[in-house]
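Student: What would the 3D arrangement of this be:
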Amino acid sequence: MSESLETLDAIVVGAGWAGLTCARSLQAAGWTVQVLEKSRGWGGRAARRRLELGGFAEHGLPALAEGWSSVDSLIALGRDRGLLELWQADHWHYSHGQLEPRSLPTQWMAQAGLSGLARAYGEGLSIEIQQQVNQVTWQGDRWCVQTEQGDRYTARYLGLFVPAPQAEVLVPAEWQPPTLASVSYDPCITVITTYGDHILTGPTAATTGWAIAASGRNWRWLGLDSSKRQQPSESVCVLHSSAAWAEAHFDDVDLGKAGQALLQEAATDLAMPLLSARSLQVHRWRYALPQTSVADLVLRLGDRGVCGGDWCSGGEPATIPEQSIGGSTFVARAIASGQAGAQHLLQAD
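Tutor: The predicted structure is shown next:
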């Protein structure tokens, strides 16, 4: 247990794209900023899981797509650092028993994972990982933030960039924005499967990358994750469930059995040997994609605080179908929210 004796200019909770953007902007203005992140990595849904035989799979955001100015800038950073390469993948859509080619913007992938791009984006920031914030209070002229690990931080300003339901729990009642409770999320269950040296070909029998989005099925997206690695130790697929299926199975005691059933449906639909997997991992995402959003870019916690993230749409459509977890639409939203949050705090100072 420790307490920061220094009153910081700002505490930013969450090291996803929104939190990193806000913290970067504040630090660039000369502020002292501390970022607190509950997980082991940066980048929010740019998440990855270790595999049994070494290596990893990205079971959230698979790639970045061009077409949004803020995401294009992020891609430029990744290319300049040698972190991003074109994802040479064929994209397909499955509906009513039919597979059709799908035209998507240019996709950029990271061989070392997009979480590495998040680290480059947040370079120079003070970030404490595995710090789960469990209490936020206003103490007259400053914010006090406490973590489950027993650490305590104080700051003049606060940026809270976490899923809206988590923000709702943390924000003191007297500071609650009225629209915060209106945000809802689609859950998702992801299945990671490995196949040893067996080569899984896509719909065209190509051995390069492929990804398939689905409509009206219990599975929502399937991709060959190992196609993003230069020398993969084995073939690896990532499968995302639909929101409705995840809702029905989220609290299953035997999540492995549920994941196997989802994999079987995709294997049957696509006539692919997905059930020959050597290993299978199943993971839950409670806050996979915002289902309903607020129209603001950021919500104000008085003059001294903000909360936001990709659940702040800035007036754009609140639902976007057939996206993998954390598609570029939501990365762009997150960056815009972080920028708006920093601007509000700087103007309030």
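Student: any idea where the helices of the stretch 201-349 of the chain begin and end?
Tutor: Assigned by DSSP state H, counting those that start in this stretch, the helices in the stretch 201-349 of the chain fall at 243-249, 255-270, 328-348.
Student: Any chance of a markdown table for those, columns mean neighbour count?
Tutor: In this view, the C-beta of every residue, glycine as well, is placed from N, C-alpha and C. Output for the helices of the stretch 201-349 of the chain, formatted as a markdown table (neighbours: other C-beta atoms under 10 Å):
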| stretch | mean neighbour count |
| --- | --- |
| helix 243-249 | 18 |
| helix 255-270 | 17 |
| helix 328-348 | 23 |
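Student: Can you lay out those as TSV showing mean pLDDT and distance to Gly116?
Tutor: Shown next, in TSV, are the helices of the stretch 201-349 of the chain (pLDDT from 0 to 100; distance: least, C-beta to C-beta, whole Å):
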stretch	mean pLDDT	distance to Gly116
helix 243-249	97	28
helix 255-270	97	27
helix 328-348	95	15
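Student: Mind checking those helices for the one nearest to Arg119?
Tutor: Evaluated with C-beta to C-beta, the helices of the stretch 201-349 of the chain place helix 328-348 nearest to Arg119, the distance being 15.4 Å.
Student: Relative to the whole chain's centre, how far out is the closest one?
Tutor: Distance, stretch centre to chain centre, for helix 328-348: 16 Å (C-alpha atoms, centre = their mean, to the nearest Å).
Student: before we move on, what about stretch 46-62?
Tutor: Using C-alpha atoms, centre = their mean, the offset of stretch 46-62 from its chain centre is 13 Å.
Student: out of the helices of the stretch 201-349 of the chain, which comes closest to Ser215?
Tutor: Sorting those by C-beta to C-beta, the top spot, which is the nearest, belongs to helix 255-270 at 11.3 Å.
Student: In this structure, which residue is most central in space?
Tutor: The C-alpha lying nearest the average C-alpha coordinate of the chain belongs to Arg45 (C-alpha atoms, centre = their mean; 1.6 Å).
Student: Mind checking what secondary structure that one has?
Tutor: coil (DSSP: H, G, I helix; E, B strand; the rest coil).
Student: what mean pLDDT does stretch 80-95 have?
Tutor: On average, the pLDDT along stretch 80-95 is 94.
Student: hmm, back to that, mind checking which of the helices of the stretch 201-349 of the chain is nearest Glu85?
Tutor: helix 328-348 (16.3 Å).
Student: Quick one: list the elements packing against the closest one.
Tutor: On a contact count with 3 or more C-beta pairs under 8 Å, 6 or more residues apart in numbering; DSSP states H and E, helix 328-348 meets helix 17-28, strand 64-65, helix 69-80, strand 152-160, strand 305-307.
Student: Take the ones you listed and write them to a markdown table, including mean neighbour count and distance to Gln264.
Tutor: Output for the helices and strands packed on helix 328-348, formatted as a markdown table (neighbours: other C-beta atoms under 10 Å; distance: least, C-beta to C-beta, whole Å):
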| stretch | mean neighbour count | distance to Gln264 |
| --- | --- | --- |
| helix 17-28 | 26 | 35 |
| strand 64-65 | 24 | 30 |
| helix 69-80 | 16 | 35 |
| strand 152-160 | 24 | 41 |
| strand 305-307 | 29 | 41 |
